[in-house]
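Chemist: Here you go, sequence then predicted model.
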Amino acid sequence: MRTLNEVPRRLVIAIGGNAVHPEDISGTSDEQKSVARQTAEALLPLAQIDNELVITHGNGPVVGKIMMRQMLTMSRIPPMSMDICVAHSQGGIGYLLMQAIENALREIGNQRHVASLLTQVEVDADDPAFRNPTKFVGPFFSEEEAKNISKELNWAMREDSGRGWRHVVPSPKPKHVCDISLVDALVKRGTIVIAGGGGGMPVIRDAKGVRTGVPAVIDKDLTSAHIANVLDIDELLILTAVPRVAVNFGKPDQKELTEVTLDEIKAYHREGHFPPGSMGPKVDAAIRFLEGGGKRAIISHLDHAMPALRGETGTHIVQSA
């Protein structure tokens, strides 16, 4: 267990999409503002520290609703491309989080600034993900509802870890976070930076450096790991809706993991313990982060951010000996 003085001063925090838009809300503006306030309160102990802090966030529930809203009105309003939908979700969620965190800081007399940056992330135009959509976005549906939506909107729908059916879209791997030097400059000035929201707007770049958006949603945890590696940050904190990662989840012999090595978590992953629709992407990101030079990835509940960072809870994945 670490003391406050031992808490890392350089950190990337990845907040899950369901943490900014839980499944149990309809998605009104008031609901989203309330959730942002709760998120800000959970992060406040970390925001008060004299640190270099980058916050990323998911957008799956929100971008899915944006896409469905426009598809249902496309006879009257031309729909936007998927990359612009990601930009809309990134801007909206970033605004709510930025305002909520600054408000929480001001209420205790802290004048620290928070900046939310629209972030483009380059991907490979030949990434196989474009031929095999796997990224879940939007709300859950019954199988019958999913079949009707698939017929009506020509969307790919899949069952998500036994929780219902959802829309799936391509999810290419992040190659480069555009303007990462700006993120670095701001955090070194003490600004809390919200970047890479929803994994970033997916773009490809040609030989002349010209960027073009592509129809995809990048996994925000993989982008978070990439940001941390590029900025040479040792610790990645992934906050979600459960306190720890578990193996044999939902079975009589379920076991929560406290501290595991990189080799151990990779072995569990190969055994199929982490479904792609739930814990899989987070474990993938932790593995990628450690393989990229990181020292510790922590996965825990949003409400346990500071206790997890101090080693009191959460699953801590560390380098193998």
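Modeler: Nice, I can see it.
Chemist: wouldn't Pro22 be in contact with Val35 here?
Modeler: Yes - Pro22 is within contact range of Val35, at 6.5 Å (criterion: CB atoms under 8 Å). To be clear about C-beta, it is placed using only N, CA and C from the backbone, and glycine gets the same treatment.
Chemist: who has more neighbours, those two?
Modeler: With neighbours defined as other CB atoms under 10 Å, Pro22 and Val35 compare such that Val35 has more, 21 against 15.
Chemist: Check the gap between that one and His316 for me.
Modeler: Distance of Val35 to His316, computed by CB to CB, to the nearest Å: 27 Å.
Chemist: What of Met279?
Modeler: 15 Å.
Chemist: Next: Arg244.
Modeler: 9 Å.
Chemist: same deal with Ser75?
Modeler: 52 Å.
Chemist: before we move on, what about Arg166?
Modeler: In terms of CB to CB, Arg166 sits 30 Å off from His316.
Chemist: Compare these two and say which one has the larger neighbour count.
Modeler: Between Arg166 and His316, counted using other CB under 10 Å, the more crowded position is Arg166 (25 against 22).
Chemist: Remind me what the helix or strand that one falls within packs against, helices and strands.
Modeler: Element membership of Arg166, judged by DSSP states H and E, is strand 165-169. Packed against strand 165-169, as judged by 3 or more CB pairs under 8 Å, 6 or more residues apart in numbering; DSSP states H and E, are the following elements: helix 60-72, strand 135-141, helix 143-153, strand 157-159.
Chemist: Please identify the buried residues of the helix or strand that comes right after the longest one?
Modeler: The element immediately downstream of helix 60-72 (helix or strand, assigned by DSSP H and E) is helix 82-107. Judged by neighbour count (16 or more other CB atoms under 10 Å), helix 82-107 contains these buried residues: 82-83, 85-90, 92-94, 96-102, 104-105.
Chemist: tilt between helix 82-107 and strand 165-169?
Modeler: Relative orientation of helix 82-107 versus strand 165-169 (axes from the mean of the first three to the mean of the last three CA atoms, to 10 degrees): 110 degrees.
Chemist: Could you list every helix and strand in contact with helix 82-107?
Modeler: By 3+ CB pairs under 8 Å, 6+ apart, helix 82-107 packs against helix 17-20, helix 29-47, strand 52-57, helix 60-72, strand 114-116, strand 192-194, strand 201-205, strand 211-213.
Chemist: And these: which comes nearest Gly250?
Modeler: Nearest to Gly250 among these is helix 17-20; the distance by CB to CB comes to 17.7 Å.
Chemist: re the thing from before, next, format the helices and strands packed on strand 165-169 as a markdown table and append distance to Leu43.
Modeler: Shown next, in a markdown table, are the helices and strands packed on strand 165-169 (distance: least, CB to CB, whole Å):
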| stretch | distance to Leu43 |
| --- | --- |
| helix 60-72 | 19 |
| strand 135-141 | 24 |
| helix 143-153 | 35 |
| strand 157-159 | 32 |
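Chemist: would you turn those into JSON lines with mean neighbour count, distance to Thr261 and mean pLDDT?
Modeler: Shown next, in JSON lines, are the helices and strands packed on strand 165-169 (neighbours: other CB atoms under 10 Å; distance: least, CB to CB, whole Å; pLDDT from 0 to 100):
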{"stretch": "helix 60-72", "mean neighbour count": "21", "distance to Thr261": "30", "mean pLDDT": "85"}
{"stretch": "strand 135-141", "mean neighbour count": "22", "distance to Thr261": "28", "mean pLDDT": "83"}
{"stretch": "helix 143-153", "mean neighbour count": "14", "distance to Thr261": "39", "mean pLDDT": "89"}
{"stretch": "strand 157-159", "mean neighbour count": "17", "distance to Thr261": "32", "mean pLDDT": "91"}
